[in-house]
Structure formats: C-alpha cells, structure tokens
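Student: pasting the sequence and the predicted model now:
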Amino acid sequence: MPVTRRDFSRASLALASLLPLGLSACAQSEATVSPFSEPERSDLSALGKDPRLLVMTTRRSVGNAAPYFGSDRGPLTFAEVRLSPPGRGIAGRVSSAVAGDWAILGIERETATDAPRVFSNAANGRDVLLYVHGYNESFESAVRSAGQLSHSLRFQGRTALFTWPSGGKLLDYAYDRESALWSRDGFVESLRALVANPTIGRIHIVAHSMGTFLTLEGLRELRDSPDVYARIGSVVLASPDVDIDAFEQTVKKIAPLARRITVIIDPDDRALAVSARIAGGVARAGAADRARLDALGIRVADTAGRGWSLLRHDLFLSDSEVTQVVRRAMDRGEN
C-alpha cells in the first residue's frame, strides 16, 4: 500500500533552515536566433474556448470538492476538470500573466478504471500539451499553472496535466522527490496510452523544476520504445531541479530526443541554489554551466537578466518573452 505523507520521515533541521531562503512552488544555442524577440501570438487558445483540462494523477482523491486531490499517493486516475478562464481582453491577458487567475469550477468526470485508455480517448484527434509541475504544488495550483501556460502559448490542441503527490509544503522536499520518482510508472503509462491512439498528433511535454526529474526518469524508461519517441514533438525542461551529473547521464541515454529538448536555465535561480545546497553542493541542471549543457546537443535558453522574478524559478510562466521559448520549441516539433 502506498505510504501517506504523514508516514514519511521529515527532512532534517538543516533542511528546515535552508528552505526559507528561496525554495518555493518550485547543444544547439538559442543565442543565434534570440528566444526573446518573437511577438506574442494573437489567436486564442483552445483551452480558452473549451476550458476542460485533462488530468492524469497519482494523487489520492479526496472527493468531488476542493481540494479534489490531496498530497497522499493513490492509484493512477484520470479526471476532466472544468475551468473558468481569465478575461480575454488586454486586462485579462495581463491578469493571467501576473496572477494565473484560472479557477476550478469542478470535476466533470473521474475514474481510476482503465485511466490511461480513458485519457487517450479524451485527447482524440488533437496535438497534446502535457504539463508536469514541480515541487511544493497542490492539485489546484498545478491546474492553474497548466491553464495559464496553455493560454499564454495560445495552444490549439488538448491541454493535459500530469500531477503527482507533492506535499505542497516547504518542508516536504524529500517527500516530494520520492513521490515524483514513485509516479514514474504512471507517467510512462500515460505517454504510452497517448501514443497508442493513432488519431493523436504531436505530444509536447513541458516540465518544471522537480517535474523535470520525473519526466526524464520516464523518458529514460521509454528509451527502447522508438514509437513513443517518434510521436514526441518537443520536450521543454524549465529550471530543471536535477543533479547536473545525473542530467548529463540521462540525456545521453535518451539521445534520439536530444534535438527536441530545450532547457531553460538561469544561473541566478535562487530556488535551485537552495536545492543544490540540500544536495551536498552539486549544481542543478537549471543553473549549471552552459557549456556542459551545450555539449549534450540540446537547445539551451539562458534567461539571465531577463524579466523580473524574486526567485527567478518560474520565468517560463511569469515572463512572456521566456514563454515564447516554449512556443518556439513546440513550433519546431510540429515540423
């Protein structure tokens, strides 16, 4: 039986003293073609027109009322979430970029029975944007981020969220990392189900922070599945909270995907600086030396000096220019 968050041992007192310093909700070069100059797309997102978010989760359900899914581990479950989108005028777009003001109206359907197949059928006939959140995220905050990202990208396919049982608290870093790894099988099943549906087009994966750890583990497990790799249009790893040595090793194992991988880094990412201290001083990939990343044959977008953010850990959501890095990666993957 999966353990609950209460069963999991707490982080050390040393971790408790580090976390308040900055850890929160956690190669080809982009330099020749600036990732920060492309104008914003003017068309509306498909999610804005039909605000139903597809969700695959390894969180345990807590019922058909907020928070809907909690921080304990549960069976792989599909849910369709009805959202209330932000306003469509200039004020609404600004509000979305700043506050991410998508709201959950309710869960339209939910099932743990043959969840991957139900998920795949719900995405029928469309390209898919699959968002994987990071550390210290509740179900509700992850849903809002997925909605905000899709809307900012003006994505025209089906938007999906893979949400794993983050504890949603600063002191749950260790629990979150183990939960992310525990959720790898569910992530792999979800990807396999999408690929098994011949009507689905390209699958674009955007992962943030600790969610990149889960994503890379899943893609590594699928390295002997060329049918899966062939359907992946792009993989964007935003502020990856992954040991740089492990990151290098994994990217080499999934080499056929390297040209479709874009990594968004920032040497001044304060959240990753704390994570590195927790990890014994080993740099995280999202704040690593760019030369090491370039050598892997992946695209690297360095956001140093771009935008404004206290932690500099979520610029892919909070800064429209950095969001365009994601948009361009997806556009390349559609060709």
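Tutor: In hand now; what should we look at? Numbers count the residues shown, from 1 in each chain.
Student: only the buried residues of stretch 46-56, if you could.
Tutor: Within stretch 46-56, the residues scored as buried using 16 or more other CB atoms under 10 Å are Ala46, Leu47, Gly48, Pro51, Arg52, Leu53, Leu54, Val55, Met56. Yep, even glycine has a C-beta here, placed from its N, CA and C like the rest.
Student: quick check, distance from stretch 267-278 to the centre of its chain.
Tutor: 18 Å (CA atoms, centre = their mean, to the nearest Å).
Student: make that stretch 322-335, sorry
Tutor: Offset of stretch 322-335 from its chain centre (CA atoms, centre = their mean): 15 Å.
Student: please apply the same query to stretch 287-298.
Tutor: 20 Å.
Student: can you tell me what sits against it?
Tutor: With CB atoms under 8 Å, 6 or more residues apart in numbering as the test, stretch 287-298 has contacts from 27-29, 239, 244, 247-248, 251-252, 255, 258-259, 261-263, 265-269, 272-273, 276, 283, 285, 300, 302.
Student: packing partners of the longest strand along the chain?
Tutor: Criterion DSSP state E: the longest strand present in the chain is strand 69-84. Strand 69-84 sits against strand 52-61, strand 103-111, helix 115-122, helix 139-153, helix 184-196, with contacts defined as 3 or more CB pairs under 8 Å, 6 or more residues apart in numbering; DSSP states H and E.
Student: can I get the shortest one in PDB? Just the C-alpha atoms.
Tutor: Right, the one you point to is helix 115-122. C-alpha atoms of helix 115-122 as PDB (Å, rounded to 0.1, in the frame of the first residue of the first chain):
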ATOM      1  CA  ALA A 115      -7.500   5.500 -16.700                       C
ATOM      2  CA  PRO A 116      -4.800   5.600 -19.400                       C
ATOM      3  CA  ARG A 117      -7.300   4.500 -22.100                       C
ATOM      4  CA  VAL A 118      -9.900   7.000 -21.000                       C
ATOM      5  CA  PHE A 119      -7.300   9.700 -21.000                       C
ATOM      6  CA  SER A 120      -6.200   8.800 -24.500                       C
ATOM      7  CA  ASN A 121      -9.700   8.800 -25.900                       C
ATOM      8  CA  ALA A 122     -10.400  12.200 -24.300                       C
END
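Student: for that helix, buried residues please.
Tutor: Result for helix 115-122 [16+ other CB under 10 Å]: buried residues Ala115, Pro116, Val118, Phe119, Ser120, Ala122.
Student: next one: stretch 59-75
Tutor: Arg59, Arg60, Ser61, Tyr68, Phe69, Gly70, Ser71, Asp72, Arg73, Gly74.
Student: helix or strand: which one has Ala180?
Tutor: Ala180 belongs to helix 173-182 when assigned by DSSP states H and E.
Student: what stretches of this structure score poorly on pLDDT?
Tutor: 1-43, 87-100, 307-311 (pLDDT under 70).
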